[in-house]
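Participant: have a look at this prediction, sequence included:
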Amino acid sequence: MARNSAAFSPIDQPVAELAHPARSRRTRRLLGLLLILLDVGMLALAFVAAYLARGALPFFSVPDVQPPLEVYLPTMLLHIGTIIVLFYANRLYHQRRVFSRFDQARSIVAVVTFGALLANGVQELAFRNTILEVSFPRSTFFYVWLFSLLFVLVGREVHRSLTMTLRRRGLTADNLLVVGTGKIAVDIVKQVQRHRELGYNIVGVVNDPSSHQGKMMGVPVIGNYPDLPDLIDRYQIQQIIIAVPDARRSEIVELVTMCQRSDVDVKIYPDIFAYIAGDLNLDDLNGMPLLTVRDIALRGWKLSLKRGLDIVGAFFGLIFLSPLMLLTAYLLRREDPGPVFFIQERMGLDGKPFPMIKFRSMRVDSEAFGPGWTVENDPRVTKIGRFMRKTNWDEIPQLINVLLGHMSLVGPRPEQPYFVEQFRTQIPRYMERHREKAGMTGWAQIHGLRGDTSISDRTTYDLWYVENWSLWLDIKIIIRTIIQTITRQNKNAY
């Protein structure tokens, strides 16, 4: 990568106000210490609450006389110390820029449960027949475990809110440099600009020496690849994202070498092969290594597990929601006489069509001139239909499809065959989303990709789901769908 003599100099390129690396590091260290102190404080409060609950709540036998709280101090310290050490060992003090609260909650439940059991076992072994021995019945253990979970989760949410606030105000921001100006680089810049809570202060973009560009998404192109060492020092860069997925391996190695500094974090967007492949798994053929680039996560017993979740969810959903469904039918007929249900052919598993059932949300004559894509403020939508679409209530009758095996609770959203025939020729790998059953909700939907949004982006999310399925992922998607519906945070729901 020899320097191009015609390339512009980065010195004269204006950039946004730089973040202060020293201040950011100090703030992050304080946030890390605060998180530990919060966990310690919450665990201590949980132990005190458990002690009070044992003497007040009627779920277990209430003791006539309970030892004073200070007698439990060694047990409390053992409980807190064990869980804090396990938190550290499980990287729960590693402050990620982006994390799922559901995944964090699952990890906390597992660690607190194991920590409480471990501390209880150590207490029985170490404190028995000593001055530290104290009665620690099952009821107390249960309350300590339960309140520890609840209090730690609350403390983590408080810490997360504080961290997001400080990031939005730029107090913990890192100066970021994006290497590349292709589509991937543009997408990365968009994400950084859209989500200030990520904690990035985007300084500029670095381009290929053969290219010239003044700005990209409002961000200045401040230099070429060979300028990287100078740019890092000049602009106090702390984070670099290399977004040139089509570059040769030797070019990537050279870019990384130029970016190497003791306090610079370098991230690389994967090449197009890894992007297409999704999860890569190493296998072997009698000692010969093979890289699996096409693997279906749902197979064997996992299919039975997912089907079991679908049957249970659809069965109880139809039973408990049936009164509201009857009320919806009455309101529909009252506003616009006609069928209550709208049955439309959609394409599901293996590209086979099936009749998808929905509450009718449009006028009876809405498709008199053929199928059409629903857009915002669509005049064909009735008043109650608009409410149902905003709240996903029009999708509830699809529980019948789930019970019959046409659909799953979670999966790629099915489209009409008319549109599928168009998309399959325009969107690479579009038909691969039909390797699994269509779903009432999905990974793309909870990320706002519904309605009149990018089919290419939807396909990317759907394929990631197909190749990374797990029962926990399905549960997480269902919970997030319910929360988004209740809080009216359904993006592009019209």
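Facilitator: Yep, that arrived.

Participant: can you find the helix or strand in this protein with the smallest mean pLDDT?
Facilitator: Taking mean pLDDT, DSSP states H and E as the measure, the chain has helix 272-277 as its least confident helix or strand, at a mean of 47.

Participant: can you give me the strands for the stretch 351-494 of the chain?
Facilitator: The residue ranges that make up the strands of the stretch 351-494 of the chain, judged by DSSP state E, counting those that start in this stretch, are 353-359, 408-410, 439-441.

Participant: now the ones you listed in a markdown table, with distance to Gly448?
Facilitator: Backbone N, C-alpha and C define where each C-beta goes, glycine included. Putting those into a markdown table (distance: least, CB to CB, whole Å) gives the following:
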| stretch | distance to Gly448 |
| --- | --- |
| strand 353-359 | 20 |
| strand 408-410 | 16 |
| strand 439-441 | 12 |
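
Participant: show me the contacts for the spatially most central residue of the chain.
Facilitator: Nearest to the centroid of the C-alpha atoms of the chain, with distances taken as CA atoms, centre = their mean, sits Ser100, at 4.8 Å. When contacts are counted by CB atoms under 8 Å, 6 or more residues apart in numbering, Ser100 is found next to Lys476.

Participant: next up, phi/psi of it, please.
Facilitator: Backbone torsions of Ser100, given as degrees, to the nearest 10, read phi -90, psi 130.

Participant: pLDDT score assigned to it?
Facilitator: Ser100 carries a pLDDT score of 79 in this model.

Participant: for it, give its distance to Val158.
Facilitator: Using CB to CB, to the nearest Å, one gets 18 Å for the distance from Ser100 to Val158.

Participant: pLDDT below threshold where in this protein?
Facilitator: Within the chain, the ranges that satisfy pLDDT under 70 run 1-16, 210-213, 261-262, 271-300, 365-378, 452, 490-494.

Participant: tell me where the stretch 51-200 of the chain has helices.
Facilitator: Using DSSP state H, counting those that start in this stretch, the helices found in the stretch 51-200 of the chain span residues 73-89, 101-127, 138-168, 183-194.

Participant: can you add distance to Thr382 and give those back as CSV?
Facilitator: Formatted as CSV, the entries for these read as follows, by distance: least, CB to CB, whole Å:
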stretch, distance to Thr382
helix 73-89, 52
helix 101-127, 35
helix 138-168, 39
helix 183-194, 33
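
Participant: which stretch among those comes nearest Leu45?
Facilitator: The closest approach between Leu45 and any of the helices of the stretch 51-200 of the chain, judged by CB to CB, belongs to helix 138-168 at 5.6 Å.

Participant: who does that closest one touch, helix- and strand-wise?
Facilitator: When contacts are defined as 3 or more CB pairs under 8 Å, 6 or more residues apart in numbering; DSSP states H and E, helix 138-168 packs onto helix 21-56, helix 73-89, helix 101-127.

Participant: and that helix, which residues are buried?
Facilitator: If you call a residue buried by 16 or more other CB atoms under 10 Å, then helix 138-168 has these buried ones: 139-149, 151-153, 155-156, 159, 163-164, 166-167.

Participant: quick one: it to helix 21-56, angle?
Facilitator: 160 degrees (axes from the mean of the first three to the mean of the last three CA atoms, to 10 degrees).

Participant: which residues does the closest residue to Ile184 other than its chain neighbours contact?
Facilitator: The spatially closest residue to Ile184, leaving aside those adjacent along the chain, is Ala243, at 4.5 Å (CB to CB, 6 or more residues apart in numbering). With contacts taken as CB under 8 Å, 6+ apart, Ala243 has the following neighbours: 178-180, 182, 184-185, 188, 269.

Participant: got a list of what Leu86 touches?
Facilitator: If a contact means CB under 8 Å, 6+ apart, then Leu86 has 111, 114-115, 118 as its contacts.

Participant: separation between Leu349 and Gln260?
Facilitator: 49 Å.

Participant: so for those two, which residue has more residues nearby?
Facilitator: The neighbour comparison of Leu349 against Gln260 (other CB atoms under 10 Å) goes to Leu349, with 18 against 12.

Participant: and that one, its phi and psi?
Facilitator: Listed backbone geometry of Leu349 is phi -60, psi 130, with angles given as degrees, to the nearest 10.

Participant: and if you look at Gly442?
Facilitator: Main-chain dihedrals, Gly442, degrees, to the nearest 10: phi -160, psi 180.

Participant: same check on Ile222?
Facilitator: Its backbone dihedrals place Ile222 at phi -100, psi 0, with angles given as degrees, to the nearest 10.

Participant: you'd agree Glu345 is in a helix?
Facilitator: No: with DSSP: H, G, I helix; E, B strand; the rest coil as the criterion, Glu345 is located in strand rather than a helix.

Participant: from the contacts of Ala243, which is closest to Arg54?
Facilitator: When the contacts of Ala243 are compared for distance to Arg54 (CB to CB), Ile188 comes out closest, at 52.8 Å.

Participant: now the closest one. Nearest residue, chain neighbours left out?
Facilitator: Once flanking residues are discounted, Ile188 sits nearest to Ala243: 5.4 Å by CB to CB, 6+ apart.

Participant: distance check, the one you found against Leu473.
Facilitator: From Ala243 across to Leu473, the span is 27 Å (CB to CB).

Participant: please parse this structure into its domains.
Facilitator: Per automatic domain parsing, the structural domains of the chain span 10-14+173-269, 21-168, 301-486.

Participant: OK, contacts around the nearest residue to Ala50 once chain neighbours are set aside?
Facilitator: Nearest residue to Ala50 in three dimensions, chain neighbours excluded: Tyr143, at 3.5 Å (CB to CB, 6+ apart). Under the criterion of CB under 8 Å, 6+ apart, the contact list for Tyr143 reads 49-51, 53-54, 57.

Participant: try it again with 6 Å
Facilitator: Counting by CB atoms under 6 Å, 6 or more residues apart in numbering, Tyr143 makes contact with 50, 53-54.

Participant: switch those residues over to TSV; also include distance to Leu463 and neighbour count.
Facilitator: Compiled in TSV, these are given as follows (distance: CB to CB, whole Å; neighbours: other CB atoms under 10 Å):
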residue	distance to Leu463	neighbour count
Ala50	46	24
Ala53	48	18
Arg54	51	21
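
Participant: hang on, the earlier thing: pipe the contacts of Ala243 into a markdown table and attach distance to Gln426 per row.
Facilitator: Formatted as a markdown table, the entries for the contacts of Ala243 read as follows, by distance: CB to CB, whole Å:
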| residue | distance to Gln426 |
| --- | --- |
| Val178 | 28 |
| Val179 | 30 |
| Gly180 | 25 |
| Gly182 | 20 |
| Ile184 | 20 |
| Ala185 | 24 |
| Ile188 | 24 |
| Tyr269 | 24 |
